[in-house]
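[1] Any chance you can model this:
(one chain, ligands or ions: 1)
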Amino acid sequence: MASEFDSALPQLSAKYDGAPRLAGLRPGIVHLGLGNFHRAHQAVYTRAALDSTGASDWGIIGVGSRSASVPDAMKAQDLLYTVVEISPEGESFSIPGVHTDAFTAAAEPERVVASIADATTRIVSLTVTENGYYYSPSTGHLAVDDPAIQRDLADAARPATPIGQIVRGLQSRARSHGEPITVLSCDNLADNGHHTERLVKEFAGLLPEAEATETLAFLERHVTFPSTMVDRIVPATTDHYRRLVAEGRGYRDEVPVPAEPFTMWVLEDRFAAGRPAWEAGGAIFSDEVARYEELKVRLLNGTHSLIAYLGALTGAATIPEAVSKPEIEAAARAVLRNEYRPSVTAPSGIDLDEYEEQLFTRWRNTALGHRTSQVGSDGSVKLRQRVPAPALALLDAGRTPHFLALTVAGYLACLAPLPGFDPGQHAAAMVDPARGALAQAAEQSSSSIELARRVLGEQHLLGEELAAREEFIERTGELLDTIRRHGALAAAAEAGAASANH
Ligand code: CS2
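    A predicted model of the protein is given here:
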């Protein structure tokens, strides 16, 4: 990871940066998923909480899933890294300094279990992406047949999936000291607390009978699963951001995290064993988390997906570049206003017109350079959270969700290109667990509509309910055909004309 341009500079370390970590920090949180999002979100709120209260027992043990690059780099930097806040006006730098350890689950699975089981751990939080929950997108239940879940059920000591890790850690807690704990999902899943609770309980229920009974009883009495809404646009780290840190701060940081200035965190205040005073960093404790979450997953994330697919198909490397194309902005406004908005109820105090304008300002942050390939990745799990509920609501009301169908058509054009259609380099860079299955579906299909039927109707990519809505599938197939023949902007115009005629 080391880059040549700054090799003469000192490396970020406690010694170099005047010990920015709080003195005597002790761990209270185990966090699964040491990616950029956690490091620019929960870590920043935690620092504000610790600064404001002087508490020193809410340090975070960061657990990366497979790759050792972030944990290793953090350890080489005394567990420090820089958050680079990027606004059109310039950059600002901060060092959260709240981690007390960092390691990789794949290399030390027993340690994950032991850390969750440790009595000093009172929160286990997760940012493992939509893809890390091992649930079936079509039913919402635990993917029991997935080989990774099967392995975790068979091998108590070395779980590899986050749900397996949590259950094994909680089992060990139940047996050793029985201290309460909170499981805190911070991923973009509707009703993420209940969703996680359901998967954890389903996994626990599959253990041998006596173990299942003991673990489920502990879960019932001593574990809570608050729901959360998390929001901050956090692109991937590149040399560009390493260089900004080198120039702005005069030290080398191998793992800085770029982030937009906007940040939001809304949580249910149901913690079984206390929590940091995250409100000091601006977190909102609310009974309306479900509304905030729906608002965010649909208006922000859903519209983001459409911008990413149309952008990638028209050669845009970044979200700001994509949304600066008038046709893409118009499509984004149409899907947000006419197709996502009807299915959400604004939380008290939120003005939806202002929310929309703020989203466009955030997406236009050119300095941030958030990539279309990043937002377009993992669509098979993300779209399931974003598209079906609002699409079904419109269909039930007798309306055709043209732009939601366009979102799915854009996704299929990028990930399942039919022979002879080249979606371009940004689509090729999208990563998706369903890529193999989608490529196979494309190979077996002789037309766009056949492909849409196969993927949505037979394979239930967007769940069982939408699989039964022929009208939606056909609309997706037609728009996909227009993308193939005339390009993504022509398909956006077609969706716009069809909506206007309604
Ligand atoms: C994006 C999100 O990649 C995606 O799917 O929509 O990562 C988005 O940037 C964040 O949720 C913003 O909070």
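[2] Every contact and neighbour count from this point should use C-alpha atoms.
    Will do.
[3] Setting aside sequence neighbours, what's the nearest residue to the residue most central in space within the chain?
    For the chain, residue 129 is the residue whose C-alpha lies nearest the centre (C-alpha atoms, centre = their mean; 4.0 Å). Distances taken as C-alpha to C-alpha, 6 or more residues apart in numbering put residue 187 closest to residue 129, at 5.7 Å, once the chain neighbours are dropped.
[4] pretty sure that neighbour is touching residue 128, no?
    Yes: under the criterion of C-alpha atoms under 8 Å, residue 187 makes contact with residue 128 at 6.9 Å.
[5] any shared contact partners between these two?
    Here residue 187 and residue 128 share no contacting residue, scored by C-alpha atoms under 8 Å, 6 or more residues apart in numbering.
[6] sorry, back to before: the residue nearest to residue 129 - how many residues pack around it?
    25 (other C-alpha atoms under 10 Å).
[7] list the contacts for it?
    Counting by C-alpha under 8 Å, 6+ apart, the residues that residue 187 touches are 126-130, 229-230.
[8] And for residue 344?
    291, 294-295.
[9] From the residues you listed, list the buried ones, please.
    Neighbour counting with 16 or more other C-alpha atoms under 10 Å marks 291, 294-295 as buried within the contacts of residue 344.
[10] Those residues in helices, which ones?
    Of the positions in those, 291, 294-295 sit in helices, assigned by DSSP state H.
[11] quick one: which of those is nearest to residue 234?
    residue 295 (19.0 Å; C-alpha to C-alpha).
[12] you'd agree that closest one is up against residue 346?
    Yes: here residue 295 lies in contact with residue 346, judged by C-alpha under 8 Å, at a distance of 7.1 Å.
[13] from the stretch 151-300 of the chain, which residue is nearest to the ligand?
    In the stretch 151-300 of the chain, the residue that lies nearest the ligand is residue 231 (3.3 Å; C-alpha to the nearest ligand atom).
[14] Got the phi and psi for the residue nearest to that residue when sequence neighbours are not counted?
    Of all residues not flanking residue 231 in the chain, residue 264 sits nearest, at 5.0 Å (C-alpha to C-alpha, 6+ apart). Main-chain torsions, residue 264, degrees, to the nearest 10: phi -150, psi 140.
[15] Mind jotting down where the helices sit in the stretch 101-250 of the chain?
    Per DSSP state H, counting those that start in this stretch, the stretch 101-250 of the chain carries helices over the ranges 109-117, 147-154, 162-176, 192-205, 209-222, 239-249.
[16] again but with the stretch 401-502 of the chain, I slipped
    So, for the stretch 401-502 of the chain - with DSSP H, counting those that start in this stretch - the helices run 402-415, 425-428, 435-444, 448-452, 464-467, 470-486, 488-500.
[17] right, and these - which one's nearest residue 352?
    Sorting those by C-alpha to C-alpha, the top spot, which is the nearest, belongs to helix 402-415 at 19.2 Å.
[18] now for that closest one, which elements pack on it?
    helix 303-313, helix 425-428, helix 435-444, helix 470-486, helix 488-500 (3 or more C-alpha pairs under 8 Å, 6 or more residues apart in numbering; DSSP states H and E).
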